[in-house]
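Participant: below are the sequence and a predicted model; questions follow.
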Amino acid sequence: MSTAMMKAAVLTRYGAPQNIKITTIKRPVPKANEVLVKVYATPVTTADTMMRRAEPAISRLFMGFTRPRNDVMGTGYAGKVVSVGAEVEDFAVGDRVYGESGLGFAANAEYVSVAADRVIDWVPMALSYAEAATLCDGPLTSYHFLKTLADVQAGQSVLVIGASGSLGTAAVQLARSFGAQVTGVCSTRNVELVASLGAQNVIDYTKTDFLQMAETYDVIFDTISNTSYGKCKHLLREGGLYMSPVLNFPLLVDMLYTRFFSSKKAKFDAAGLLKPQQLRGYLENISQLIIDGKLRVIIDKQYTLPEAVAAHRYVDTGRKRGNVVLTVVHTPTRNRTDTLTTYPQNLIK
Ligand SMILES: NC(=O)c1ccc[n+]([C@@H]2O[C@H](COP(=O)([O-])OP(=O)(O)OC[C@H]3O[C@@H](n4cnc5c(N)ncnc54)[C@H](OP(=O)(O)O)[C@@H]3O)[C@@H](O)[C@H]2O)c1
């Protein structure tokens, strides 16, 4: 019997978008605790582009020193379960699922095999695969930061910097759903979007320097690491928290220092990579917020899987609004064991 094959976005070496090649590789076979998902949508996130560049350098410790250990890109996915391992009880063939493969990567592909007890859940009825594929980036990460790290309470004041990005668009809505007073920082072209997500105040950073304003906050969530704890400290109320999801050395120093020597705190966390079980517990809450109409997904652009290089180039601009998604087009595979020649050759760069 011939081996089943699939297309995948493979990173040949760290660096530029063009190092990604659409390649035909073996389709994964699920282990006893895994489900095989036929992927219909898979995002290209800012975190993916950083992994492509191996930034920060310390990430090579878990991704591979000289070249990527798991060379198929991407961690987010949404699709249909097509096969389950012998030990899997929660999911069945035909289930619409979404999730996050974490350090296993391999999601920018026609199929991904993932552990059924990690970050995976059923796609909420109201969502498309493209929307669901983004839930483990912005919504899940922002939920973790605002709930676990900040424990945002009703009536608190939250400042979201980078409010038009993937984490930011989710953070604004989540903080509102927790009852907070939300201020979003974005550029002129995104003011309307951020206000429509529920921010009571929107600061256009091209016109106003929020660092010079008198307003103070219980929580500052700098989703894009455009500031620092030191720069924002005067905007924090007593006992306030500055946090960012972007790993950098000064933030780690601030985190350590403020833990012992300051009533105002600084925090970082690598949510998706380090705490899959804790994050899985949040997926149900996120689904409920979607059902309740309190959380919606913003999709900026969609590409097809063979256009992964173009998608990376766009995300590299740093100007995406919300999310960028690759859609995966599967051709009928009747009497075939592979999915070759699925794509127009001119799209395969
Ligand atoms: N720690 C974790 O577990 C974790 C998990 C997921 C992601 N991350 C990290 O989180 C970071 C954020 O990712 P993301 O996808 O949310 O960001 P993003 O979408 O790449 O952010 C881009 C957005 O920021 C806006 N922006 C640019 N400069 C700005 C400024 N000076 N002030 C305010 N807004 C500005 C851009 O619009 P304009 O240019 O028009 O302003 C654009 O809408 C990434 O570094 C990613 O690696 C960490």
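Facilitator: On my side now, so go ahead.
Participant: got the contact list for the residue of the stretch 101-250 of the chain at minimum distance from the ligand?
Facilitator: As assessed by Cβ to the nearest ligand atom, the ligand sits closest to G165 within the stretch 101-250 of the chain, at 2.7 Å. C-betas here are computed from N, CA, C, even on glycine. With contact taken as Cβ atoms under 8 Å, 6 or more residues apart in numbering, G165 is in contact with 46, 138, 223-224, 320-322.
Participant: kindly report the same for V152.
Facilitator: 146, 158, 175, 178, 180, 218-219.
Participant: how does it look with 7 Å?
Facilitator: Contacts of V152 were listed using Cβ atoms under 7 Å, 6 or more residues apart in numbering, and they are 146, 158, 175, 178, 180, 219.
Participant: ok, and the most crowded of the residues you listed?
Facilitator: A175 (28 neighbours; other Cβ atoms under 10 Å).
Participant: hmm, it is touching G184, no?
Facilitator: No. A175 is beyond contact range of G184, at 9.3 Å (criterion: Cβ atoms under 7 Å).
Participant: find residues that contact each of the two.
Facilitator: Each of V160 lies in contact with both A175 and G184 under the rule Cβ under 7 Å, 6+ apart.
Participant: count the residues that sit near I20.
Facilitator: A total of 25 residues lie near I20 under the criterion other Cβ under 10 Å.
Participant: what distance do you get for it to E110?
Facilitator: According to Cβ to Cβ, to the nearest Å, I20 and E110 sit 15 Å apart.
Participant: what's the answer for M73, then?
Facilitator: From M73 over to E110 (counting by Cβ to Cβ), the distance is 13 Å.
Participant: what about stretch 204-214, distance to the chain center?
Facilitator: Remark: stretch 204-214 is offset 27 Å from the chain centroid, using Cα atoms, centre = their mean, to the nearest Å.
Participant: so who does V328 touch?
Facilitator: With Cβ under 7 Å, 6+ apart, V328 has these contacts: 39-42, 110, 305.
Participant: again, 10 Å this time
Facilitator: 6-7, 38-42, 77-79, 108-111, 129, 133, 304-306, 339, 342 (Cβ atoms under 10 Å, 6 or more residues apart in numbering).
Participant: now, the residues you listed that are in strands?
Facilitator: Among these, DSSP state E puts 6-7, 38-42, 77-79, 111, 304 in strands.
Participant: among the residues you listed, who's most crowded?
Facilitator: Most neighbours among the ones in strands among the contacts of V328, by other Cβ under 10 Å: T42, with 35 neighbours.
Participant: bridged to it, which residues?
Facilitator: According to DSSP bridges, the partner residues bridging T42 are L326.
Participant: can you narrow the contacts of G165 to ones near the ligand?
Facilitator: Contacts with the ligand are made by 46, 138, 223-224, 320-321 out of these, judged by Cβ under 6 Å from any ligand atom.
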